[in-house]
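Chemist: Next comes the sequence, and after it the predicted model I'd like to discuss.
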Amino acid sequence: EMMENQEKESDKLIEAIVASSKRAQIHPFIMDRNKGYHEQVGERGLKLSGGEKQRVAIARALMKRAKILCFDEATSALDTQTEHEVQQAINDVSKGATTLIIAHRLSTVQKCDKIIVIKHGVIVEEGTHAELIEREDGYYQ
């Protein structure tokens, strides 16, 4: 009976890993590898591209369900379509969490509650996307 509980927990963990990987748009890439989720990555294994590393990191963040999240250029190495899909996953995981998103792309921060624009280490603007986009002389443009 003890083993059954452990197996059930393992099955739940595997299901959660796969679900997080799907939401982060990395599952198809993983499944294309010979060993799938058991593939060795890093110096002694498969080398990941910047976008692949970002999607793996996002999948891990989705798994943790942390109360505070920080995404630093989390979608910068992704194409537009994948960025949109991964952004949806970030939006999902951010619900109920304090989330700091550092980005250069406006599309990445459009749905944030508050946007702070920093230039040369100084805050030059802050507000919502709608507020900032209306400013004629703003940096946010």
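Modeler: Thanks, I have it. Numbers count the residues shown, from 1 in each chain.
Chemist: so how far is stretch 54-72 from its chain's centroid?
Modeler: Centroid displacement of stretch 54-72 relative to its chain, using C-alpha atoms, centre = their mean, to the nearest Å, is 6 Å.
Chemist: Please apply the same query to stretch 37-47.
Modeler: 20 Å.
Chemist: Can you give me the buried ones in the host helix or strand of Ile90?
Modeler: Counting by DSSP states H and E, the element that carries Ile90 is helix 80-94. Neighbour counts using 16 or more other C-beta atoms under 10 Å place 82-83, 86-87, 89-90, 93-94 of helix 80-94 among the buried residues. (Glycine included, C-beta is placed from N, CA and C.)
Chemist: mind listing what the most centrally placed residue in the chain touches?
Modeler: Most central in the chain under C-alpha atoms, centre = their mean is Ile58, positioned 3.6 Å from the mean C-alpha point. Ile58 makes contacts with 24, 26, 71, 74, 86, 89-90, 93, as judged by C-beta atoms under 8 Å, 6 or more residues apart in numbering.
Chemist: now the helix or strand hosting it and helix 80-94, what's the angle there?
Modeler: In the assignment (DSSP H and E), Ile58 maps to helix 50-64. Between the axis of helix 50-64 and that of helix 80-94 there is an angle of 20 degrees, by axes from the mean of the first three to the mean of the last three C-alpha atoms, to 10 degrees.
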